[in-house]
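Trainee: Provided below are the primary sequence and the corresponding predicted coordinates.
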Amino acid sequence: MKVEMHMHTSEISPCAAVRAIEGVREYKKASYNGIVITDHFNDYVLNGFIGSDREKVARFLTGYEMAKEQGEELGITVFFGIETCLLGAQNDFLLYGLQPEFLYEYPKLYSLSIKELHQVVGEAGGIVVQAHPYRGYCTIEDPKYLDGVEVYNGNPRHNSRNHLAKDFAKHYPHLIETSGSDYHQLSDLASGGMIFPRELHTETELKEALLARDYELIQ
Ligand SMILES: [Zn+2]
Ligand SMILES: [Zn+2]
């Protein structure tokens, strides 16, 4: 099963240019079997929405929901994910294995410290993967608060210095390695992702396959 691990929708991520349903169609055409929607969940995005915390979270989830609906129509599995950035810092973290409802409990997830983030995500059955840690504006976090590192980020508009991320992950055996396209534009299609030897249906199964290192990276 070929899965895009890092995709944005233009409905939610201000930096993205492709609508949820269009993105799903593109991945279907590119013969992927799954996509994780990882829209940006940070203060900038959430402050741009109106209403209560609950309403803001509901709005945030619409990108994922539209993608999921389109995926069901086309026969491509859409998983829920998050890319968050914590207040006062520029590092990005991909969260896998969570249910969308998790955000109603933590509508201000981005105000946590990395230590707290790792704790609450873990308690909810998810994992924390630092995205593109060697981009110019990023710094690698303390690996004790990480479950994995995105060692391959295919986005062509950034120099993610993937080889450094790979070297880092090798030094910490508990860290899993992931690959994703960081899809924002049509031209980002299928520049990364992961191949799992079996069919995965839920966020939990995806997380378990990740932790079991039962995959190959597209890089
Ligand atoms: Zn973005
Ligand atoms: Zn991203």
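Mentor: Received it, and whenever you're ready, just let me know what you need. Residues are numbered from 1 along each chain as shown. Ligands and ions are numbered 1, 2, ... in the order given.
Trainee: okay, strands next: where are they in this protein?
Mentor: 2-7, 34-37, 40-41, 77-80, 82-85, 92-96, 127-130, 148-153, 176-180, 193-195, 216-218 (DSSP state E).
Trainee: in JSON lines: these, plus mean neighbour count.
Mentor: Heads up, the C-betas are built off the backbone N, CA and C, glycines and all. Below are those laid out as JSON lines (neighbours: other C-beta atoms under 10 Å):
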{"stretch": "strand 2-7", "mean neighbour count": "29"}
{"stretch": "strand 34-37", "mean neighbour count": "28"}
{"stretch": "strand 40-41", "mean neighbour count": "22"}
{"stretch": "strand 77-80", "mean neighbour count": "25"}
{"stretch": "strand 82-85", "mean neighbour count": "23"}
{"stretch": "strand 92-96", "mean neighbour count": "26"}
{"stretch": "strand 127-130", "mean neighbour count": "25"}
{"stretch": "strand 148-153", "mean neighbour count": "26"}
{"stretch": "strand 176-180", "mean neighbour count": "25"}
{"stretch": "strand 193-195", "mean neighbour count": "23"}
{"stretch": "strand 216-218", "mean neighbour count": "17"}
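Trainee: around ligand 2, pick out the residues from this structure.
Mentor: Selection of the chain residues close to ligand 2 by C-beta under 5 Å from the ion yields Glu83, Asp182.
Trainee: hey, which helix is longest across this protein?
Mentor: In the chain, taking DSSP state H as the definition, the longest helix is helix 53-74.
Trainee: and the contacts of it?
Mentor: For helix 53-74, contacts defined as C-beta atoms under 8 Å, 6 or more residues apart in numbering pick out 7-9, 11-13, 19-21, 23-25, 28, 35, 37, 39, 41, 45-46, 49-51, 77-78, 80, 100, 103-104, 107-108.
Trainee: can you turn the buried part of these into a ChimeraX selection?
Mentor: The following ChimeraX line selects those of these that are buried, judged by 16 or more other C-beta atoms under 10 Å:
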select :7,8,9,11,12,13,19,20,21,23,24,25,28,35,37,39,41,45,46,77,78,80,100,103,107
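Trainee: ok, the residue of the chain positioned farthest from its centre - contacts?
Mentor: Outermost residue of the chain with respect to the C-alpha centroid, by C-alpha atoms, centre = their mean, is Gly51; its distance is 25.2 Å. Contacts of Gly51 were listed using C-beta under 8 Å, 6+ apart, and they are Arg59.
Trainee: kindly report the same for Glu216.
Mentor: Glu216 neighbours (C-beta under 8 Å, 6+ apart): Met194, Ile195.
Trainee: quick one: the residue lying closest to Leu103 once chain neighbours are set aside and Glu65, what's the gap?
Mentor: Excluding its sequence neighbours, the residue lying closest to Leu103 (C-beta to C-beta, 6 or more residues apart in numbering) is Val57, at 4.6 Å. Val57 is 12 Å from Glu65, where distance means C-beta to C-beta, to the nearest Å.
Trainee: just checking, Glu141 touches Tyr134?
Mentor: No - counting by C-beta atoms under 8 Å, Tyr134 is not a contact partner of Glu141; they are 12.0 Å apart.
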